[in-house]
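> This is a predicted model, with the sequence first.
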Amino acid sequence: MVELRHLPRQPVMQDWSSKMNRDRMNNRMNNQEAPEFDERIIALDRVTRVVKGGRRFRFRATAVVGDNKGKVGVGVGKGTDAPTSIQKAIAKAKKDMINFKLNGTTIPHEVQVAFGGAVVFLKPASQGTGVIAGGAVRAVLEAAGVKDVLTKSLGSTNKINNSYATVEALSQLKEPAFKAKESKK
């Protein structure tokens with residue numbers, strides 16, 4: 001029978017490299033600011049071009065960028081790989097941003113806009129209703145900072161046209177006081 005001897009325990013030395021890596025990671029997380037814009041990918045599609053030698057595949061990304069305070073933009077980018085197309089779409093969305101006035105957590109008045117075959121109807125909602133929308137329209141409104149709104153997508157279900165129609169509808173919104181004066185005339 002083999003006799004087991006218990007050796008005195010030595011204190012476990014912590015690996016200095018793992019501690020250093022953990023500290024470095026914590027510093028990175030603490031120094032990282034909150035992102036300036038809310039970036040969302042609406043669609044990522046693989047598109048094909050037929051050439052003499054066969055098919056050429058590329059990617060098309062549709063992105064929406066907003067600050068959740070009444071500023072939003074939509075962009076479409078194409079590239080040979082998905083990350084490139086996403087970066088291009090986000091850059092285009094940041095370049096083409098629009099501003100609009102919110103009435104609390106909702107929009108000031110009803111608006112209906114057509115873009116291509118897509119028609120988007122936006123209607124103000126009471127506080128606590130939420131964003132009643134689907135797909136691309138929801139992504140644009142949430143990135144814009146609208147919390148309570150009723151919507152209806154009529155016509156085409158194309159995500160690109162619906163997102164552009166939503167941005168156009170938001171750009172047509174007038175300030176609440178201006179709309180009230182206009183309706184009294």
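Nice, I can see it. Quantities reported herein were computed from a predicted structural model and do not represent experimental measurements.

> Return the set of buried residues in stretch 125-138.
Across stretch 125-138, burial judged by 16 or more other Cβ atoms under 10 Å covers 125, 131, 133, 136-138. Placement of C-beta: from N, CA and C, glycine included.

> Provide a list of residues in contact with residue 155.
Contacts for residue 155 (Cβ atoms under 8 Å, 6 or more residues apart in numbering) come out as 114, 117-119.

> taking these one by one, which sit in strands?
114, 118-119 (DSSP state E).

> Name the residues linked to the residue nearest the centre of the chain by a beta bridge.
For the chain, residue 40 is the residue whose C-alpha lies nearest the centre (Cα atoms, centre = their mean; 2.4 Å). Residue 40 has the following beta-bridge partners by DSSP bridges: residue 64.

> May I have the predicted confidence score for residue 37?
On the pLDDT scale, residue 37 is placed at 85.

> burial count for it?
18 (other Cβ atoms under 10 Å).

> separation between it and residue 121?
Per Cβ to Cβ, to the nearest Å, residue 37 is found 26 Å from residue 121.

> do the same with residue 92
From residue 92 across to residue 121, the span is 26 Å (Cβ to Cβ).

> circling back: need the max-distance pair from the buried residues of stretch 125-138.
Within the buried residues of stretch 125-138, 125 and 136 form the most distant pair, 19.0 Å apart (Cβ to Cβ).
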